[in-house]
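Chemist: 3D model of this:
(one chain, ligands or ions: 2)
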Amino acid sequence: MSSSPVSVGALGAPRIGPRRELKVALENYWSGKISQDELLKIAADLRAAGWERQRAAGVSIIPSNDFSFYDQVLDTAVTVGAIPAAYGWTGGPVSLDTYFALARGTQGQQTTCAAGHVHTDPAAGEGLPALEMTKWFDTNYHYLVPEFTRDQKFELASTKVVDEFSEAKALGYHTRPVLVGPVTFLKLGKSRDEGFDPVSLLPGLLPVYAEILRRLAALGADWVQIDEPVLALDIDDATRTALTSAFEFFARAVPGIKIQLTSYFNAYGDNLATALELPVAGLHLDLARAPEELDTVLAKAPAGLVLSLGVIDGRNVWRANLPVILDRIEPVAAKRGTDHLIISTSSSLLHVPYDLAHETGLDDELKSWLAFATQKLEELVILGRALSQGRDSVKDELAASAAAAASRKASARIHNPQVAARLAAVKPEDSNRQHPFSERSKAQHEALNLPLFPTTTIGSFPQTSEVRKARAAHTRGELDDAGYEAFLRKETENAVHWQEEIGLDVLVHGEFERNDMVQYFGELLDGYAFTRNGWVQSYGSRCVRPPIIFGDVSRPRPMSVEWAAYAQSLTSRPMKGMLTGPVTMLQWSFVRDDLPRATVTRQIALALRDEVTDLEAAGIRVIQIDEPAIREGLPLRKADWPAYLEWAVDSFRLSASGVRDETQIHTHMCYSEFNDIIDAIGALDADVISIETSRSKMELLDAFVDYHYPNEIGPGVYDIHSPRVPSTDEMEELLVKARERLTPAQIWVNPDCGLKTRKWEEVRPALVNLVKAAKLLREHA
Ligand code: GLN
Ligand code: ZN
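Modeler: Ligands and ions are numbered 1, 2, ... in the order given. This next block holds a predicted model:
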């Protein structure tokens, strides 16, 4: 068999650099260590190397404009001149410094909390604030939220798209430029003025896009990839109509260029008819997330439409089983013709690390099951060859792929019969505490004997440079176990004594031994692996290294009990045991793709359940199970929420319910917006939940009030995203607001989130004030 070659290529490549070169360059530029020219040169070299890597891998479609100094949505805003007036831009090319001001504020007002959530502080400092940042669909990548005014004008303010096409062309690469589509761009933005839908700005925006397309066509571009992932969401008719007008406009205005309409992270679902009616030359399908949609599309797609089959998972790190994929796509090629097919990744490869070859710490067996961006390009090329020249032309590669899949499937490292048996034996009542909250709370109050408005913190204390240095020295082997342990004990002891001294009621040990709330536990659990260089961009120059859950998860031995027991031995006040919840442990990892996420989460829940009961047995009477990621795990489509929330809630309950009534279970979630998931929050049945409320001036509590939330709540009164020390008065005022909404017996007094990102100089006075505020409230109660 031999037919015309199939086009293959990814929707986008990682851009931070195989060794995070862009991160380093950005940070050096921001701190004045390198010049703008040096930064531009490093960026150009990285782009060139990225294109070369793809050509060397043998793909035929190479994207351009997938590079960004910070974020592709910000790039789009700058390209079309959607820059809020405050930034002082008055037309013409946008300077790099204006770009970075939009991204980071002029005084670096962007901060992360202990859970890695990003906040920009509009009130901080004198300078300009950054644009708001939020998560890109259901990924852990953050984009900058464009801001529009009612009379927003658009103009071509940056020629980045065109320039990068020319730059590649000059180097001999004929690329396919990628653009964030106009409707997605508007949909993701927010309006500064009340009462209008940014999508209504479309007519003014389309000519700018058309101008870019025209310039690209003039330079010889034949295809462009326009990403409209709003098609993966629940959208209204106005948005569908906007999509239709946008692509009809392009077809009329720039008939010479072929558009591949691209959506990802989900099925098209009820947006499929719209997508299929648009006058575009190609349509991309995310067949990792929505394999079932292929048949529907095959039945309905016009014969001339080029289908881009996203068969290689762009969101995960698993090696594909190529013969199985071929079984699925060979008939498509036969039916539609290889010239009407593109073999691609399900999404951009931005969401996976660069290259498995950089992993020196993973064993060969595990590595044989994995594929990072470079390996995924190779997989695309093998698939393309198999389709164009027959499977025999890549016999060895296909055999290796199948063998790796078979080895993974059969491996005893992945399948732990005890874990499976235990999960199978779980009974519904295992997810229930012994008695309802009304009874438990009595037992807890007797056991703990806390004052009204008890005070506590969320867990971590400042991770000072000494703490980080000691950890790094220990990792490098320069500080031995005993030395490191002694150091951590001293830090813990100081923290415990200080908390006693200032009069906090429920103490914490401070989490000094933890590098990260997920990594710390992952490293102690079986079934998790960690990379050395598996960085993926979280936002701007910030990268994370998600752990890889490759096998059944179990707990070989207690993980936090020694630290908690040690800390409890230093005080007679209750010491809170501190754990990361099952959904968060899942959500911030690459998860195995051979089991439902619900099953993996339940495995983690059972491991945590043992930890919870061991903490109880060690004399810990208060245990907090953090779940800051429950909300971000929500599926993109509302119809999928109930199923997710059911297993998410059940997993939390499973982890928490092994204890006696008098053991108090806390949970913590640092985000806003509880309204649409308040039923699920209630169903967690945590005895106490601490939340982030200080910025919203307690308005977030309304969701709990309307729900008649019966359990106890610690509404945050200290905004930990800011170095500012809140006064006693301020915190008391917030508590008074809380008391207007809740019964006094329900209220706890605590900060918004963990304190690891703050300095002791800020934390000390702030917590002293917090304790005072609680005392004042008690006096007035
Ligand atoms: N216990 C964690 C800490 O304080 C909680 C972090 C979080 O969930 N936001 O660091
Ligand atoms: Zn937080």
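
Chemist: For the spatially most central residue of the chain, what are phi and psi?
Modeler: Nearest to the mean C-alpha position of the chain, counting by C-alpha atoms, centre = their mean, stands Asn140 at 1.5 Å. Backbone geometry at Asn140, expressed as degrees, to the nearest 10, gives phi -100, psi 10.

Chemist: Tell me the spacing between it and Ser538.
Modeler: 6 Å (C-beta to C-beta, to the nearest Å). For the C-beta atoms, the positions are set from N, CA and C on the backbone; glycine is no exception.

Chemist: go on, Arg660?
Modeler: Arg660 is 40 Å from Ser538, by C-beta to C-beta.

Chemist: okay, these two: which has more neighbours?
Modeler: Remark: of Arg660 and Ser538, Ser538 carries more neighbours, 19 against 15, as counted by other C-beta atoms under 10 Å.

Chemist: Which element, helix or strand, includes that one?
Modeler: strand 536-539 (DSSP states H and E).

Chemist: and that strand, what other elements does it pack with?
Modeler: Helices and strands touching strand 536-539, by 3 or more C-beta pairs under 8 Å, 6 or more residues apart in numbering; DSSP states H and E, are strand 142-144, strand 542-544.

Chemist: hey, which of those is tucked in deepest?
Modeler: Sort the helices and strands packed on strand 536-539 by mean neighbour count, taking mean count of other C-beta atoms under 10 Å, and strand 142-144 sits at the top with a mean of 25.

Chemist: Mind listing residues that contact it?
Modeler: Defining contact as C-beta atoms under 8 Å, 6 or more residues apart in numbering, one finds that strand 142-144 is touched by 70-74, 77, 102-103, 118, 130-136, 188, 538-539.

Chemist: Show the contacting residues for the residue nearest to the centre of the chain.
Modeler: 536, 538, 544, 546, 588, 632.

Chemist: Just the closest of those to ligand 2, please.
Modeler: Nearest to ligand 2, judged by C-beta to the ion, of the contacts of Asn140 is Glu632 at 11.5 Å.

Chemist: isn't that closest one right next to Gln587, touching?
Modeler: Yes - Glu632 lies in contact with Gln587 (C-beta atoms under 8 Å); the separation is 6.4 Å.

Chemist: Tell me which of these two has more neighbours.
Modeler: Each of Glu632 and Gln587 has its neighbours counted (other C-beta under 10 Å); Gln587 has more, 23 against 18.

Chemist: Could you find the closest non-adjacent residue to the more buried one?
Modeler: Ala629 (3.8 Å; C-beta to C-beta, 6 or more residues apart in numbering).

Chemist: and that neighbour, helix, strand or coil?
Modeler: coil (DSSP: H, G, I helix; E, B strand; the rest coil).

Chemist: tally of neighbours for it?
Modeler: When neighbours are counted by other C-beta under 10 Å, Ala629 comes out with 25.

Chemist: Just confirm it contacts Trp588, I think it does.
Modeler: Yes - between Ala629 and Trp588 there is a contact under C-beta under 8 Å: 6.2 Å.
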